[in-house]
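Asker: predicted structure and sequence below. I'll ask about it afterward.
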Amino acid sequence: MNIIEIKGVTKDYALGTTTVHALRGIDLDIEEGDLMTIMGPSGSGKTTLLNVIGCIDRATSGSVRVHGGEVTRLSDRQVTDLRLNRIGFIFQTFNLIPVLSALENVEFPMLLKKKESRAEIRKKAEKLIDEVGIREYMHHRPAQLSGGQRQRVAIARALVTNPDIVLADEPTANLDSVTGAQILDLMKAMNARERTTFIFSTHDANVLKYAKTIVKIKDGCIAEKAAL
């Protein structure tokens, strides 16, 4: 069963007087429970594709369906609801809230959902903080953390709501090889246990060991798709 269906998607950006064609007619089906790696050189469209799937950017043309629903027609409120309840994001730039501690950043999306008690939220957040290996830094604010530590906070925040889909833009970029492998093991276990669908954009060849499907993108087009 496909959890995401992308048909004929284009995305254009205006850059001064020039139009940049970031995506050029993408067709891609992603099955529920997949662990997909999207690979390609810088500027190939990997991040743009993730942003379109996650409703951060709207496609210029084409269709994007998530759980059978056409996301290009959703209102801003419906998009916010989809991102809060169905999709977890791991951004290259972390997007942590600077005035909150690491622990509070992880708790934040659960507080927005308002479905669990503060005690349950704290317990869940602390468990994930443990699993990504930054318990001793849980009360530090982002500015007091290294890039790798902030990356791990961002990963914990993305996973804490048990989303159906996790979109990860270069999730191991700021991590050493040992920590990167630990984080990927955590995601692989979540994929197996919860059937969470993971979509990675990456340059890291080590991520390939974890993938079920590899998609290669070049100049805004799908060059290859292979199941492993």
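Answerer: Yep, it's here. Residues are numbered from 1 along each chain as shown.

Asker: show me what the residue lying closest to Thr197 once chain neighbours are set aside is bridged to.
Answerer: Computed as C-beta to C-beta, 6 or more residues apart in numbering, the closest residue to Thr197 that is not its neighbour in sequence is Ile165, at 4.8 Å. Every C-beta, even on glycine, is put in place using the N, C-alpha and C of the backbone. When bridges are taken as DSSP bridges, the partners of Ile165 come out as Ile87, Thr197.

Asker: number of nearby residues for Ile165?
Answerer: 23 (other C-beta atoms under 10 Å).

Asker: list the contacts of it.
Answerer: Ile3, Ile4, Ile53, Val66, Arg86, Ile87, Gly88, Thr196, Thr197, Phe198, Ile199 (C-beta atoms under 8 Å, 6 or more residues apart in numbering).

Asker: now the helix or strand hosting Leu84: buried residues?
Answerer: With the criterion set as DSSP states H and E, the secondary-structure element containing Leu84 is helix 76-85. With burial defined by 16 or more other C-beta atoms under 10 Å, the residues of helix 76-85 counted as buried are Val79, Leu82, Arg83.

Asker: remind me what it packs against, helices and strands.
Answerer: Helices and strands touching helix 76-85, by 3 or more C-beta pairs under 8 Å, 6 or more residues apart in numbering; DSSP states H and E, are helix 102-113.

Asker: any buried residues in the helix it packs on, and which?
Answerer: By 16+ other C-beta under 10 Å, the buried positions in helix 102-113 come out as Ala102, Leu103, Glu104, Asn105, Val106, Glu107, Phe108, Pro109, Met110.

Asker: I am finished for the moment; much appreciated.
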